[in-house]
Structures are given as structure tokens and as C-alpha cells.
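Asker: Quick check, what structure comes out for this input:
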Amino acid sequence: MQRGLGMKRAVVGALAFGLFLVGAGSAVADSWSDIKLTTTTGAVFEVAEYRFNPPERNHGSFEWRGNLRDDDFGDGHNVYLQVRVESHGWVRYNGKQRQSVRLHHSNWDGAQRYTDNAEIRVCRNRGSLHPDNCSPTRKFSVTR
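Answerer: Here you go, the predicted structure:
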């Protein structure tokens, strides 16, 4: 009788340990990575991070969040952030003049099971007579 009870405890212990390892692996896959300060004249994207979601979560998207800030209150221009995935067109997210706004979005390609490369840049809208100025493009990728 005692031997059977010891075996049951060993099996339960092994299962619990296995579940712990699976949970730890999931936590690593869910972790966020920092996006370095991205800036151009008059616009800043800061306190930013990203992650590539697995196919079963949020369309396998490139998920990102951060603060988009107008860095030059006196210039009268708005700021915006651009994101693109899988070399598709840029998607624009507008900020507000003389403010900082918190953004949190996901971008994905509907024709693919998951996203594995993305790009971000921050820009200042200088109106119709002058070209906008944008930061260098930051590129992100993951290998699966």
C-alpha cells in the first residue's frame, strides 16, 4: 500500500514540475523587448517595447507600445509614428501637438500565420509645403 502511494506522489511531482517548465517557457515567449529611443527633430518615441506574438495569439502580430511625444511645442507641427510589417505599406499612428500620447497597437499580415519582421519610425508632419522629417527606420525580426 505504501509503495503505491509513493509512486503516485512521484508522478504528481513530475507532472507539477513539467507544468512549471511549460509555464516558464511561455513567460519567456511572452516577454517584451525594449525599443531604443527613436527620435527626429520635433518628435520622440520613448519608453517603448515590442514583442512578436505566436500564431495563436492576436493573429501572430507584431505588438508594440510606447510614448509618442511632440518634442518642439513652438513649431506648430504634429507628430506621428509609422509601422510596417512584412514589407507592406506603412501604417500611421498620429500623436498630438504639445503632448505625449501612450500608444499600444498590434500589426500583422492577414495572409500569413505570424509576423516575423517589422519596422518603426517616428516623424514630424511639416505640412503640405515641406517634406516631413522622419527618424532612421528601426528594424525588428524574429527567427522561429
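Asker: Would you check that R92 makes contact with N78?
Answerer: No: applying CB atoms under 8 Å, one finds R92 not in contact with N78, separated by 11.0 Å. To be clear about C-beta, it is placed using only N, CA and C from the backbone, and glycine gets the same treatment.
Asker: nearest spatial neighbour of T38, skipping sequence neighbours?
Answerer: Nearest residue to T38 in three dimensions, chain neighbours excluded: F45, at 4.2 Å (CB to CB, 6 or more residues apart in numbering).
Asker: so how far is S31 from the one you found?
Answerer: 20 Å (CB to CB, to the nearest Å).
Asker: try S106
Answerer: In terms of CB to CB, S106 sits 16 Å off from S31.
Asker: between these two, who's got more neighbours?
Answerer: Shown here are S106 and S31; by other CB atoms under 10 Å, S106 has more neighbours (18 against 9).
Asker: can you map out the helices along the chain?
Answerer: Counting by DSSP state H, the chain has helices at residues 2-29.
Asker: And the strands in it?
Answerer: Taking DSSP state E to define them, one finds strands in the chain at 33-35, 38-40, 43-52, 62-70, 78-85, 91-94, 100-107, 117-125, 133-134, 138-141.
Asker: Tabulate those (CSV), appending mean pLDDT.
Answerer: Formatted as CSV, the strands of the chain follow (pLDDT from 0 to 100):
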stretch, mean pLDDT
strand 33-35, 97
strand 38-40, 96
strand 43-52, 98
strand 62-70, 98
strand 78-85, 97
strand 91-94, 98
strand 100-107, 98
strand 117-125, 97
strand 133-134, 96
strand 138-141, 97
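Asker: before we move on, the earlier item: what about the residue nearest to T38, how many residues nearby?
Answerer: When counting by other CB under 10 Å, one arrives at 27 neighbours for F45.
Asker: my guess is R51 contacts E63, does it?
Answerer: Yes: taking CB under 8 Å as the definition, R51 is a contact partner of E63 at 5.3 Å.
Asker: Thank you kindly, that will do.
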